[in-house]
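Colleague: Show me the folded form of this:
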Amino acid sequence: MDREANLSALNMHKHTVEVQVGTQTLSFETGYMAKQAAGAVVVRTGDTMVLSTVCDGDPRPGQGFFPLMADYREKAYAAGRIPGNFFKREARPSDHETLTSRLTDRPLRPLFPEGYMRDTNCSSFVISFDQVNESDVMSMNGVSAALHISKIPWNGPIGAVRIGLINDAFVVNPEIEQRKDSALDLVVAGTADGIAMVEAGASEISEERMVEALLLAHAEIKKICAAIEELRVKAGVEKVPFVPAEPNPWIAKILKSHRGDIEAALGIRAKHARYDAISACKSAVVAALAGDDEELANEIKAAFSGAKDEVFRELILQGKRVDGRDTKTVRPIVIDLDVLPRAHGSAIFTRGETQGLLVCTLGTADDEQMIDGLKPKYFEKFLLHYNFPGFSVGETGGRPGPGRREIGHGALARRALLPVLPDNDVWPYTIRIVSDITESNGSSSMASVCGGSLSMMAAGVPIKAPVAGIAMGLVKEGDRYAVLTDILGDEDHYGDMDFKVCGTSKGITALQMDIKIDGLSPELMSEALAQARDGRLHILEVMNEHIATHRDQLSPFAPQIVQVQIDPEFIGKIIGKGGETIRRIQEETGAKLNVDDDGIITIASPDMKSIEAAKGWISDLTEAPEEGKTYRGTVTSVKDFGAFVEFLPSTEGLVHISEWTWERVDTMESVAKAGQQIEVKLLEVDPRTGKFRLSRKALLEKPEGYVEPERAPRREDGDRPPRRDGDRPPRRDGDRRPPRRS
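Modeller: Modelled structure (predicted):
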């Protein structure tokens, strides 16, 4: 009875809502798990479940950024697995977990009130995974619901949905297996009023088709937002009121007295010279308005940033950009190929004050990266690593490893290039691209896309088409707006949108959008996509002037790879007992071999002679021994009655003492020794035992006057009389048999 009472008390505050998204049911439950968090929700589709929680801490007055942390983690037990690392517990976040954390953070952050500075933590744990329904989008919906039902001030909710394109039909929240056949992988988050975040990979999708997918996604997002609102009503938690700080009155005073000076400083085109001019202008404004009053000086310094922001945005709305361009012009592009003599493919891509050193390295199957997560293990053949050292923006300090931003930028560039890679049966190489940003003032990730495409073509990778990327911006005040092509770092910082579009001349391969306003209308998004296409085609035209297709020859320092198809029934023979044969081939030829289950053998070596030698081994191993054919073999062992000879790899036959030579041989040890190289003829394959009878004598010239010795005729069946009891051959001396036991 106590147990029933406890369960009843526990379930008293549990609330559940469900919504149909596409063909699946998405459920939200709160009030049962993690009740001490500010908000906690369990999201479920099928047997995939995600626990999402939010908590807030103490305010941080005077801090310059909002301390929000979104953290997504996958528990191995969710898929019935034990972690495979040394410690047998979950370790540092994988790239997938890091990317999903970023995916969660990006649409949430703009919806917190301006000036809200409490520590805020959003955590998602995948606690059940059914190998059918993806958990990343569920996590985004779960955190949105947890925030919305909490007391934390937040202008949500948001909804998130994935759109696929299978057989030219859109699919809402496709299952894991369906995603493998999808030409589009689009994740969209937004409020009921507009789209707030986009992340997409695509197989050269047109801009018009992409807008269709975004409209479908937003229709589903509205349903999710309505369900989360229903959950909030059931939970009944009141929001903590938040009163934003009053605007600094000094902003208007600074604009009135020093607008012209600020405009002049912002009009300097070079980045660091502009920063120096703005700093000097700031000091002059403080000196003019504050004098020796230190407290007032601090207040004016804080106001100067707001005044500069307003001037910057107004200039853009008037069609004036700080580097002198109009809203649609791409910065000057400089391309330099083959800058590293020992690299397989290299390029320096410079656009304005953004520069990347892109290097392509070709490897073998041994260089593939194993991915071990909740899904079954698999291997990646295409890697792209993005690095952003401090010197690229003139900063000091070392970086111990890639942060979330670097992992995210690298993943975007990789997604953009992935659709144009050659198929594995055409190009069996593992490809690694490294993007080292050497200078940055806006959109280094798009420089990585352009430079990555160039470096692969320089390395001889037969990509299907060159890919370029461009970053778009937006400044919007009421009904006035300006869409910007190829944005600078300042335009990203002070603007309302960062919209990155990558693709070929045919269509889009990757898309990423973050906005700082409540939402973006489909009409404005269509305009931004059309303007981005013009910029992308311009960049592709410049790239094609330097290299328009892949080179025919690989670098002499790149591994040569050849594939051989064999009958799968010979795989065991190629590998040998315990891998003995394949190790022997690799040791003797110097080539690396990789055998697939379907019988494709990949041979890799910098030296084509090694590859040819390995191909010879494979040919011999898969060749069926043919009676009457001559082989060159090696004596493996010598016996009294003859010598065993390996005439094909891992295939031995017997040369009987009588088949060694035409002359009489008294002992085999006198004429043969192990390791001796001889030519033999295959006389016979025993149909019953499969043993091979070889002859050396058959390849030697018969001596003149040679007389074949007479042999006793072979008895036919029935020639031998039946043995009578006691009819045994005479015993030799000492030939005693042990007595029989009764």
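
Colleague: what are the bridge partners for Val21, then?
Modeller: Going by DSSP bridges, Val21 is paired in beta bridges with Gln24.

Colleague: residues contacting it?
Modeller: Val161, Val172, Asn173, Glu220, Lys223, Ile224 (Cβ atoms under 8 Å, 6 or more residues apart in numbering). Using the backbone N, CA and C atoms, a C-beta is placed for each residue, glycine as well.

Colleague: hang on, the fourth one in a helix?
Modeller: Just to be clear, that refers to Glu220. Yes. Judged by DSSP: H, G, I helix; E, B strand; the rest coil, Glu220 forms part of a helix.

Colleague: Now that it has come up, it's in contact with Gly159, right?
Modeller: Yes. Counting by Cβ atoms under 8 Å, Gly159 is a contact partner of Glu220 at 7.2 Å.

Colleague: Compare neighbour counts for the two and give me the winner.
Modeller: Per other Cβ atoms under 10 Å, whichever of Glu220 and Gly159 has more neighbours is Gly159, with 31 against 22.

Colleague: so how many other residues sit close to Val542?
Modeller: Neighbour tally, Val542, other Cβ under 10 Å: 17.

Colleague: low-scoring pLDDT stretches of the protein, where are they?
Modeller: 1-12, 61-62, 398-399, 708-742 (pLDDT under 70).

Colleague: can you do 50?
Modeller: Flagging of the chain using pLDDT under 50 yields the residue ranges 1, 718, 724-726, 732-736, 739-742.

Colleague: sorry, back to before: farthest pair within the contacts of Val21?
Modeller: Greatest spatial distance in those: Asn173 and Lys223, 12.0 Å, computed using Cβ to Cβ.

Colleague: Compare the two (neighbour count), which wins?
Modeller: Asn173 (22 against 16).

Colleague: surely the more buried one meets Gln20?
Modeller: No. Counting by Cβ under 8 Å, Asn173 does not reach Gln20; the two are 10.8 Å apart.

Colleague: Please state the backbone phi and psi of Ile333?
Modeller: phi -120, psi 130 (degrees, to the nearest 10).

Colleague: Spell out the residue ranges of the helices in the stretch 51-200 of the chain.
Modeller: 95-108, 136-148, 176-179 (DSSP state H, counting those that start in this stretch).

Colleague: Pipe those helices into a markdown table and attach distance to Phe382 and mean neighbour count per row.
Modeller: Supplementary listing: the helices of the stretch 51-200 of the chain in a markdown table, determined by distance: least, Cβ to Cβ, whole Å; neighbours: other Cβ atoms under 10 Å:
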| stretch | distance to Phe382 | mean neighbour count |
| --- | --- | --- |
| helix 95-108 | 13 | 22 |
| helix 136-148 | 21 | 29 |
| helix 176-179 | 17 | 13 |
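
Colleague: Those helices: which one's closest to Lys476?
Modeller: So among these, helix 95-108 is nearest, using Cβ to Cβ, at 17.7 Å.

Colleague: Residues contacting that closest one, please?
Modeller: Contacts for helix 95-108 (Cβ under 8 Å, 6+ apart): 68-74, 93, 122, 124, 136, 139-140, 143-144, 147, 154, 156, 158, 160, 187, 189-190, 196-197, 199, 371, 373, 404, 407-408, 411, 514.

Colleague: among the residues you listed, which ones are buried?
Modeller: With burial judged by 16 or more other Cβ atoms under 10 Å, the buried subset of the contacts of helix 95-108 is 68, 70-72, 74, 93, 122, 124, 136, 139-140, 143-144, 147, 154, 156, 158, 160, 187, 189-190, 196-197, 199, 373, 407-408, 411, 514.

Colleague: In strands, which of the residues you listed appear?
Modeller: 68, 70-72, 74, 122, 124, 160, 187, 189-190, 196-197, 199, 514 (DSSP state E).

Colleague: Just the closest of those to Gly469, please.
Modeller: Nearest to Gly469 among these, with distances taken as Cβ to Cβ, is Glu199, at 14.2 Å.

Colleague: Could I get the contacting residues of the nearest residue to the closest one once chain neighbours are set aside?
Modeller: Among residues not flanking Glu199 along the chain, Val187 sits closest, at 4.6 Å (Cβ to Cβ, 6 or more residues apart in numbering). For Val187, the contact set (Cβ under 8 Å, 6+ apart) comprises Leu103, Asp136, Val137, Ala160, Val161, Arg162, Met197, Val198, Glu199, Ala200.

Colleague: what does Ile571 give?
Modeller: Ile571 touches Val595, Asp597, Gly599, counting by Cβ under 8 Å, 6+ apart.

Colleague: The same query, at a cut-off of 10 Å, please.
Modeller: Contacts of Ile571 were listed using Cβ atoms under 10 Å, 6 or more residues apart in numbering, and they are Ile582, Val595, Asp596, Asp597, Asp598, Gly599, Ile601, Thr622.

Colleague: Can you say which of those are buried?
Modeller: For the contacts of Ile571, a burial check counting by 16+ other Cβ under 10 Å picks out Ile582, Val595, Gly599, Ile601, Thr622.

Colleague: Pick out whichever of these sits closest to Ser182.
Modeller: Using Cβ to Cβ, these come closest to Ser182 at Gly599, 29.2 Å.

Colleague: who touches that closest one in this structure?
Modeller: Residues in contact with Gly599 (Cβ under 10 Å, 6+ apart) are Val564, Gln565, Ile566, Asp567, Pro568, Glu569, Phe570, Ile571, Ile574, Thr622.

Colleague: separation between it and Gly345?
Modeller: Noted for Gly599: a distance of 31 Å to Gly345, by Cβ to Cβ, to the nearest Å.

Colleague: what's the answer for Ala303, then?
Modeller: Distance, Ala303 to Gly345, by Cβ to Cβ: 51 Å.

Colleague: neighbour-wise, which of these two wins?
Modeller: Taking neighbours as other Cβ under 10 Å, Ala303 and Gly345 compare with Gly345 leading, 28 against 22.

Colleague: so what secondary structure elements neighbour the helix or strand where Thr602 lies?
Modeller: Using DSSP states H and E, Thr602 maps to strand 600-605. In this structure, strand 600-605 makes packing contacts with strand 560-565, helix 580-589, strand 592-595, helix 608-621, judged by 3 or more Cβ pairs under 10 Å, 6 or more residues apart in numbering; DSSP states H and E.

Colleague: Any idea which of the ones you listed gets closest to Arg60?
Modeller: strand 592-595 (54.0 Å).

Colleague: Could you list the residues in contact with that closest one?
Modeller: 364-366, 368, 428, 559, 561, 563-564, 566, 568, 570-572, 574-575, 581-583, 585-586, 600-605, 610-611, 614, 617-618.

Colleague: Could you do stretch 275-291 as well?
Modeller: 250, 253-254, 257-258, 261-268, 270, 293, 296-301, 303-305, 307-308, 312, 394, 490.

Colleague: Pull out the buried residues from it.
Modeller: Buried, per 16+ other Cβ under 10 Å, within stretch 275-291: Ala277, Ile278, Cys281, Lys282, Val285, Val286, Leu289, Ala290.

Colleague: what does stretch 395-408 give?
Modeller: Buried, per 16+ other Cβ under 10 Å, within stretch 395-408: Pro402, Glu406, Ile407, Gly408.

Colleague: Is Val638 bridged to anything, and to what?
Modeller: Ala643.

Colleague: ok, it - contacts?
Modeller: Val638 neighbours (Cβ under 10 Å, 6+ apart): Phe644, Val655, Thr667, Met668, Glu669, Ser670, Val671, Ala672, Lys673, Ala674, Gln676.

Colleague: Between which two of the residues you listed is the distance greatest?
Modeller: Phe644 and Ser670 (17.0 Å).

Colleague: which one of those two has more residues nearby?
Modeller: Legend: neighbour count by other Cβ under 10 Å for Phe644 and Ser670, higher for Phe644 (20 against 9).

Colleague: Good, we can wrap up now.
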